[in-house]
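*Asks:* Need a 3D model of the sequence below.
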Amino acid sequence: TAPRRTKNHSTKNQEQKKMALTLFYIIIGIIIAEFIFSNYLSWLNTKSWKTTVPTELQEFYDEDKYRTAQEYAKANKQLSIVAGTLSFIGLLAFLFYGGFAYIDNYVSMETPTPWYRAIGFFGILMVLSEIFSLPFSLYKTFVIEEKFGFNKTTVVTYISDKIKGYILTIIVGGGLIALMSYIFDLAPNYFWLIAWGVVTAFSLFMTAFYTSWFLPLFNKLSPLQAGELRSKIEEYSKKVDFPLNNIFVMDASKRSSKANAFFSGIGSKKSIVLYDTLIKEHSTDELVAVLAHEVGHYKRKHIFKNQILSILSTGIVFFILGWALNNPNLSGALGADQPSFHMGLVAFSLLYSPISMLMGIFMNRLSRKYEYEADDYAKTTSDANALKTCLKKMSVHHLSNLQPHPAYVYVNYSHPPLLDRLKALNS
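*Replies:* Got it, this is the predicted structure:
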């Protein structure tokens with residue numbers, strides 16, 4: 001019976017290697033297909049540019065400004081092509097030459113503890129990723145954004161942001177990875193359920209405390225001072241029965257001249273954050289209209305619906321991940337001799353990528369629907385003309401693409417293009 005067991009074991013090993021190789025080539029196929037698809041969409045988007053300013057924007061856009069917007073889009077596209085192509089080539093090389101397996105073997109020699117190996121593995125990947133992306137980040141910030149008048153970031157601020165980001169990644173990201181690995185090692189059959197609960201709790205915590213705990217690490221938040229704007233905002237909030245005590249101004253101008261506003265928090269922690277650049281560039285009526293749009297998201301329960309969808313989708317992902325991680329072929333697809341949580345997680349993320357993209361398309365489509373609904377709420381509760389003017393000014397100031405290709409919008413845009421929003425506001 002011993003030779004028979006040896007033969008059966010050998011056959012099983014051969015079948016596992018064959019399955020791992022099949023998964024490896026599926027991963028390669030997915031990476032190549034996504035690269036071709038994303039570049040095709042980018043090409044379509046570039047071809048969609050028109051040479052004349054749309055009639056709706058002629059009051060705000062002259063021909064020179066419009067050409068500048070096209071040059072800005074072209075500069076960003078060229079950088080994206082270079083970065084994307086090098087990333088594509090690097091990832092394929094990493095896979096074909098066993099880069100993941102090499103790092104896995106290295107951390108395995110350092111410690112047998114699964115959660116420590118996971119931290120070391122992803123820590124090395126993070127360092128390699130940062131080394132690769134740093135030159136592009138610097139070029140984007142200090143060359144492209146500087147050339148087109150957006151950049152306000154100093155070298156000191158840039159370095160400070162990076163250091164703070166690294167520390168947060170190590171503490172929060174490293175902690176979550178270690179905890180996930182520990183949970184899987186402790187209870188592999190219930191990993192998906194426990195991990196789902198942990199991530200959901202963490203997500204709700206971040207939603208509640210992001211503005212008060214984490215954002216101040218990077219930006220100064222100041223209460224909106226008494227005056228015409230605060231009075232108008234409080235008057236509007238009272239009119240629509242939206243109790244709002246936390247209205248903050250963020251010093252976004254220390255990094256960029258671009259403007260924005262956002263709603264954050266839940267319950268008593270909810271607040272509105274206005275960029276100081278937004279206040280500088282827009283009238284009081286326009287700012288109240290922007291606030292009305294953000295309140296519209298809350299009133300139409302978009303935030304609550306997104307949280308529920310996020311929790312459910314996270315549960316589905318962890319359910320599939322929990323099942324997949326118990327398959328040794330997943331780690332084997334990346335060249336691992338022994339299955340591990342971290343190698344299985346990387347392989348799963350690559351295999352899951354097409355489903356993730358489809359879910360992203362669905363969420364973007366839903367997000368665009370919500371933006372229309374928030375605009376409609378703002379139109380009916382505030383000055384619709386002020387909202388339209390504000391949207392036009394922001395689009396011109398940001399040098400936005402006014403006529404993106406519909407396919408590119410469908411896949412990538414979380415907000416409708418400006419001309420579509422104006423058309424809806426006019427209806």
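
*Asks:* thought K147 was touching N76?
*Replies:* No - in this structure, K147 is not within contact of N76 by CB atoms under 8 Å, at 11.1 Å. For glycine as for every other residue, the C-beta is placed from the backbone atoms N, C-alpha and C.

*Asks:* which secondary structure element contains T314?
*Replies:* Assigning secondary structure by DSSP states H and E places T314 in helix 302-325.

*Asks:* distance of the nearest residue to R300 once chain neighbours are set aside from F202?
*Replies:* Setting aside the residues directly before and after it, R300 is nearest to E373 in space (CB to CB, 6 or more residues apart in numbering), at 5.1 Å. E373 is 29 Å from F202, where distance means CB to CB, to the nearest Å.

*Asks:* And those two? Which one has more around it.
*Replies:* The neighbour comparison of E373 against F202 (other CB atoms under 10 Å) goes to E373, with 18 against 14.

*Asks:* Over to the nearest residue to S48 once chain neighbours are set aside: give its phi and psi.
*Replies:* Leaving aside its sequence neighbours, S48 sits nearest to H405 (CB to CB, 6+ apart; 4.0 Å). Main-chain dihedrals, H405, degrees, to the nearest 10: phi -70, psi 140.

*Asks:* H405 and W43 touch, don't they?
*Replies:* No - in terms of CB under 8 Å, H405 does not count as a neighbour of W43; the distance is 9.1 Å.

*Asks:* ok, these two, which is more surrounded?
*Replies:* Comparing H405 with W43 by neighbour count (other CB under 10 Å), the higher total belongs to H405, at 19 against 14.

*Asks:* helices or strands next to the helix holding T314 in the packing?
*Replies:* helix 191-209, helix 341-351, helix 353-381 (3 or more CB pairs under 8 Å, 6 or more residues apart in numbering; DSSP states H and E).

*Asks:* Could you dump those helices into TSV with mean pLDDT and distance to T111 added?
*Replies:* What follows is the helices and strands packed on helix 302-325, written out as TSV (pLDDT from 0 to 100; distance: least, CB to CB, whole Å):
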stretch	mean pLDDT	distance to T111
helix 191-209	93	21
helix 341-351	95	12
helix 353-381	96	30
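
*Asks:* Could I get the buried residue list for stretch 65-74?
*Replies:* By 16 or more other CB atoms under 10 Å, the buried positions in stretch 65-74 come out as Y66, T68, A69, Q70, Y72, A73.

*Asks:* Which strand or helix spans the last one?
*Replies:* In this assignment (DSSP H and E), A73 forms part of helix 63-96.

*Asks:* Just give me how far that helix sits from the chain centre.
*Replies:* 18 Å (CA atoms, centre = their mean, to the nearest Å).

*Asks:* what sits against the nearest residue to F60 once chain neighbours are set aside?
*Replies:* What sits nearest to F60 in space, not counting adjacent residues and going by CB to CB, 6+ apart, is V396, at 4.7 Å. Applying CB atoms under 8 Å, 6 or more residues apart in numbering, we find V396 in contact with L57, F60, Y61, K65, A69.

*Asks:* Next, the angle from the host helix or strand of A289 to helix 302-325.
*Replies:* Using DSSP H and E, A289 falls within helix 284-299. Here the directions of helix 284-299 and helix 302-325 differ by 50 degrees (axes from the mean of the first three to the mean of the last three CA atoms, to 10 degrees).

*Asks:* by contact count, what packs against helix 284-299?
*Replies:* Using 3+ CB pairs under 8 Å, 6+ apart as the contact definition, the elements that helix 284-299 packs against are helix 228-239, strand 261-264, strand 271-275, helix 276-281, helix 353-381, helix 384-397.

*Asks:* Kindly recompute the last result at 7 Å.
*Replies:* Helices and strands in packing contact with helix 284-299 are listed as helix 228-239, strand 261-264, strand 271-275, helix 353-381, helix 384-397; criterion 3 or more CB pairs under 7 Å, 6 or more residues apart in numbering; DSSP states H and E.

*Asks:* Output the contacting helices and strands for whichever helix or strand comes after the last one.
*Replies:* The one in question is helix 384-397. The first helix or strand that comes after helix 384-397 along the chain, using DSSP H and E, is helix 406-412. Where contact means 3+ CB pairs under 7 Å, 6+ apart, helix 406-412 is packed against helix 2-47, helix 353-381.

*Asks:* on contacts alone, who are the packing partners of the longest one?
*Replies:* What that stands for is helix 2-47. helix 63-96, helix 328-332, helix 341-351, helix 353-381, helix 406-412.

*Asks:* cool, the shortest one as well?
*Replies:* Applying 3+ CB pairs under 7 Å, 6+ apart, one finds that helix 353-381 contacts helix 2-47, helix 284-299, helix 302-325, helix 384-397, helix 406-412, helix 418-426.
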